[in-house]
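Enquirer: sequence unavailable; structure follows:
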Ligand code: ATP
Ligand code: MG
């Protein structure tokens with residue numbers, strides 16, 4: 001491609017609304033343009049990289065035995081009602097109406113569609129395992145679209161869905177996708193690592209997210225360098241000991257704490273109750289039921305864990321008025337010892353199990369209770385691990401200190417079980433002639449997010465550093481001085497023709513511009529190999545070969561082609 005024929009609108013200035021480096025570089029390197037918030041146009045250069053990522057994904061999915069198909073983005077709401085997600089996913093569902101005012105859904109994902117297909121096409125255990133995938137546009141009404149392609153309203157996903165006759169079969173399908181994902185991200189030049197992930201209301205222990213470490217990531221991951229344990233903070237546990245039990249002392253005693261409404265205030269004089277001897281009582285509305293959640297004073301409730309463990313789909317903290325209505329006091333004085341209505345369930349964090357000599361609110365504004373023994377004085381409906389782990393806590397597996405870092409989720413593999421096959425009637429006859437729902441898995445890669453994650457991970461002050469496998473062009477030829485027929489241009493044209501003939505993707509910067517402008521642009525758009533042709537080196541019969549982000553070498557003009565080909569074949 002000749003630069004003068006291309007559309008590569010590089011920008012010197014950073015657009016004001018781009019917050020993170022990869023978003024800035026996508027815009028500055030002329031890869032995308034914003035149509036409006038959460039909607040982007042892929043310019044030719046950006047599209048080339050996107051297609052390369054798609055191709056890598058396709059090759060690895062095919063290699064893993066998955067079958068490519070293509071499903072409509074527009075979906076009938078009936079199947080969403082049937083799966084139950086018309087309600088539970090309503091926050092992200094885009095809905096449109098046709099001329100007869102009938103409603104349709106723009107697919108945020110395709111479990112409902114693929115399961116409908118399987119219900120019609122897979123009737124016997126003999127037809128399984130089957131894994132179907134597509135690379136397709138998804139729509140999500142995100143609360144906060146941001147960071148460019150990272151969280152968009154419309155984005156491209158590779159989604160795959162496996163169908164198996166048995167649970168073991170489903171695990172094997174899961175493992176194949178897990179392995180394929182590992183290869184895909186490595187081939188994209190991306191350092192992504194799998195972490196245990198929340199399985200939400202579906203349950204089961206098999207879900208991994210593929211995470212790219214980045215300060216700007218929206219996820220937090222807890223990990224152990226010693227043994228390799230890694231989990232999303234929404235799932236992570238640690239090996240912290242339970243609260244130390246003390247001798248069971250006197251009966252519960254009420255004491256006045258005027259104006260004290262925080263854990264911190266109660267930990268100070270004159271009360272001096274350390275946070276780890278306090279029980280924090282939270283009132284939540286979980287699927288329109290009022291429940292209490294007890295957590296140690298120095299811990300934080302993890303709402304995702306809370307939802308996953310209790311199976312609640314929608315949770316929110318109760319308002320002060322709702323707290324008053326339920327327990328007779330406002331936040332700051334709440335407790336679960338007295339006045340808990342019989343129909344209000346009490347969930348407590350495991351770390352409090354067996355704790356005594358604790359302090360908690362008295363359900364009377366301005367009063368607390370001491371000498372509280374969890375087992376003796378409280379009625380806990382169920383114990384769960386509900387707290388958020390913190391850096392430095394001992395790893396549950398090897399006791400070494402856990403670390404926490406931020407990361408970008410680029411992929412997600414998930415063992416679904418029979419949730420969708422039961423609801424949408426995807427059943428098959430097993431060997432004995434009995435009808436069973438198929439055991440499913442689903443596997444997503446954010447293709448557009450992956451593209452941006454590559455840039456977020458691979459850049460320097462001058463611009464993008466593309467891994468060769470996903471670079472829009474592999475080589476850029478930069479002649480300094482564009483005069484038709486000059487020795488520089490003749491050689492540039494010849495290298496361009498020869499490399500192209502060898503199947504190398506080459507950009508020829510044929511703009512009549514200052515060297516500084518051309519070098520800056522080449523660095524900004526991040527082409528992995530640059531061939532520089534200038535009068536000085538050419539006088540010595542040499543050209544410059546520079547790897548983006550690496551050293552420059554000189555090559556004899558006659559050897560330049562072979563040298564560059566070798567670099568390209570070696571992967572940059
Ligand atoms: P997130 O937690 O980031 O909202 P998710 O868990 O809802 O993502 P999945 O349903 O697992 O996402 O979708 C599979 C993949 O699609 C994700 O791993 C992510 O890479 C990508 N993805 C999800 N939502 C978006 C979005 N709004 N914009 C771009 N990519 C997205
Ligand atoms: Mg996910």
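Expert: Looks like it arrived, so ask away. Note that the structure is a prediction, hence the values are computed from the model and not measured. Numbering: from 1, shown residues only. Ligands and ions are numbered 1, 2, ... in the order given.

Enquirer: interface residues of the chain facing ligand 1?
Expert: When proximity is defined as Cβ under 6 Å from any ligand atom, the chain approaches ligand 1 at 109, 140, 142, 151-152, 155, 157, 409-412, 444, 446, 448-449. Every C-beta, even on glycine, is put in place using the N, C-alpha and C of the backbone.

Enquirer: give me the subset of the residues you listed lying in helices.
Expert: Within these, membership in helices is found for 448-449, as judged by DSSP state H.

Enquirer: what are the ranges of the helices in the stretch 151-300 of the chain?
Expert: Counting by DSSP state H, counting those that start in this stretch, the segments of the stretch 151-300 of the chain that form helices are 167-187, 263-267.

Enquirer: a markdown table for those, including mean pLDDT and mean neighbour count?
Expert: Compiled in a markdown table, the helices of the stretch 151-300 of the chain are given as follows (pLDDT from 0 to 100; neighbours: other Cβ atoms under 10 Å):
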| stretch | mean pLDDT | mean neighbour count |
| --- | --- | --- |
| helix 167-187 | 97 | 20 |
| helix 263-267 | 96 | 17 |
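
Enquirer: relative to residue 513, which of the ones you listed is closest?
Expert: In this view, these are compared for proximity to residue 513 by Cβ to Cβ, and helix 167-187 is the closest at 34.6 Å.

Enquirer: sorry, back to before: just the buried ones from the residues of the chain next to ligand 1?
Expert: Listed as buried from the residues of the chain next to ligand 1 are 109, 140, 142, 151-152, 155, 157, 409-412, 444, 446, 448-449; burial here means 16 or more other Cβ atoms under 10 Å.

Enquirer: tell me where the stretch 401-550 of the chain has helices.
Expert: 419-423, 447-457, 487-501, 515-525, 535-539.

Enquirer: turn the ones you listed into a markdown table, including mean pLDDT.
Expert: Putting the helices of the stretch 401-550 of the chain into a markdown table (pLDDT from 0 to 100) gives the following:
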| stretch | mean pLDDT |
| --- | --- |
| helix 419-423 | 96 |
| helix 447-457 | 98 |
| helix 487-501 | 96 |
| helix 515-525 | 96 |
| helix 535-539 | 92 |
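
Enquirer: so of the ones you listed, which one's packed in deepest?
Expert: Between the helices of the stretch 401-550 of the chain, helix 447-457 has the highest mean count of neighbours, a mean of 26, where neighbours are mean count of other Cβ atoms under 10 Å.

Enquirer: tilt between it and helix 167-187?
Expert: Going by axes from the mean of the first three to the mean of the last three Cα atoms, to 10 degrees, helix 447-457 is angled at 50 degrees with respect to helix 167-187.

Enquirer: what's helix 447-457 packed up against?
Expert: helix 21-28, helix 44-63, strand 154-164, strand 207-213, strand 403-417 (3 or more Cβ pairs under 8 Å, 6 or more residues apart in numbering; DSSP states H and E).

Enquirer: farthest pair within the residues of the chain next to ligand 1?
Expert: In the residues of the chain next to ligand 1, two members sit farther apart than any others by Cβ to Cβ. They are 142 and 411, at 18.2 Å.

Enquirer: enumerate every residue touching the residue nearest to the spatial centre of the chain.
Expert: With distances taken as Cα atoms, centre = their mean, residue 409 lies nearest the centre of the chain, 2.0 Å away. Residues in contact with residue 409, defined by Cβ atoms under 8 Å, 6 or more residues apart in numbering, are 209-211, 217-219, 446, 449.
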